[in-house]
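Colleague: what's the 3D shape of this:
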Amino acid sequence: MPGTTLPPFPDDIPTHPLLIIDFERIKAGDQEEIDTLWKAATTIGFWYLKNHGIEDQVDGMFEMGAETVALPLEEKMKYEQGEDGQSYGYKKAGAYATDATGQNLDTVEFVNISMDDALSYPNVVYRTYLSTVTARMESTITPFAQKSADVSHAFMAIFNEKLGLPEGTLARLHDPAEYSGSELRCIRSPPMPGKMSAERVALGSHTDFGSFTLLFNRLGGLQVLPEGHEQWLYVKPIPGHAVCNIGDALALYSGGILNSNIHRVVPPPGPQGEFERWSLAFFLRPGNSRILRALVEDSPIIAEAVKQRPGRNFEPGETANEWRARRVRNQRIKNRKGPETWAASRGTEYAPTVA
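Modeller: Numbers count the residues shown, from 1 in each chain. As a prediction, the model looks like this:
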């Protein structure tokens, strides 16, 4: 439960060390910090972020999530995201497959809120939301969305320059004037103590749909599979720090220079498994009409990167909206036709050997 005193992350659990980026130094144009960010984004594609200025809204978002989850299921299901590929709304536990067999279902429930709805409130862009969401829209959700978007766009500007793109290229692909799939998600996972938590996957292995993710969580559970590794490794939460990662759109736009790394969510380890796990994510995604493809015509750096990766497909032939809707639709268990449905819900780095 948000606000509960939680046990520390166990010392004897293997973790993957992520670089720590200071957002205040990024905003100040500190070249050493920018170079460290670039190293993180082009290797594992994950990093910690401190001094991001969003923590006050994070607490309110967790409170909103707890209030929403506490509502009767019948009421929550009136705002269910549905089976047609729309992401916004409520998702109950067990609606998603977590592997290709279709026998194992997710254990998380969450509420997704469109960034466009949050920034346009009280006008409706995509849909209306549960009463607990609308009650906190102006005080908490809209400020969280705006601050998260500001952080994300600061990183886009840096990546734009490092990739040798004409000024403003990535900004135009993520222009706030065009509606997008950008969204906020508050997630609850139930307690899974002891042996129950050993191999139970809460959310299956995947890469993120969009360009950039900001994640806030107080308990362990996020795991990454770094390139060349065969063992999943936990990402240890650090108080006051967000976890950031590159998504598929930036991996495609950059010709694979920016790395959208595969990850999954499992129950928290050790004594942390006794508690429900809350996490909060902001997903920045390109404008709905934007085609996902390597920007080889705009940058010789990207063109050369694509040449160095002849086995990769950097032309999926989908708009950002089509890419997102396909993946959301195909992870819904009610839409399952076979293992190919699961594969169609995964991302750029998915391989059938990754459980």
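
Colleague: what secondary structure does the closest residue to Arg264 other than its chain neighbours sit in?
Modeller: Leaving aside its sequence neighbours, Arg264 sits nearest to Ser205 (CB to CB, 6 or more residues apart in numbering; 4.4 Å). From N, CA and C alone the C-beta is placed, and that goes for glycine too. Of the three states, Ser205 takes strand under DSSP: H, G, I helix; E, B strand; the rest coil.

Colleague: what about Ser205, how many residues nearby?
Modeller: If you count neighbours by other CB atoms under 10 Å, Ser205 ends up with 22.

Colleague: same check, this time on Glu230
Modeller: 6.

Colleague: same thing with Pro226?
Modeller: As a burial measure, Pro226 scores 17 neighbours (other CB under 10 Å).

Colleague: right, and it touches Ile44 too?
Modeller: Yes. Contact criterion CB atoms under 8 Å: Pro226 and Ile44 qualify, at 5.3 Å.

Colleague: give me the common contacts of these two.
Modeller: 16, 261 (CB atoms under 8 Å, 6 or more residues apart in numbering).

Colleague: just the strands in the stretch 1-150 of the chain please.
Modeller: Counting by DSSP state E, counting those that start in this stretch, the segments of the stretch 1-150 of the chain that form strands are 20-22, 46-50, 89-91, 109-114.

Colleague: would TSV of these with distance to Pro72 be doable?
Modeller: As requested, those are exported to TSV (distance: least, CB to CB, whole Å):
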stretch	distance to Pro72
strand 20-22	42
strand 46-50	37
strand 89-91	12
strand 109-114	13
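
Colleague: tell me which of the ones you listed lies nearest to Glu63.
Modeller: strand 109-114 (12.6 Å; CB to CB).

Colleague: what pLDDT, on average, does the closest one get?
Modeller: Average pLDDT, strand 109-114: 97.

Colleague: neighbouring strands - and their directions - for it?
Modeller: As defined by DSSP bridges, the strand partners of strand 109-114 come to strand 89-91 (antiparallel), strand 183-189 (antiparallel).

Colleague: against Gly204, how distant is Gly347?
Modeller: 11 Å (CB to CB, to the nearest Å).

Colleague: higher neighbour count, the two?
Modeller: Gly204 (22 against 19).

Colleague: in this structure, what helix or strand scores lowest on average pLDDT?
Modeller: Every helix and strand of the chain was ranked by mean pLDDT, DSSP states H and E. The lowest is strand 203-206, at a mean of 84.
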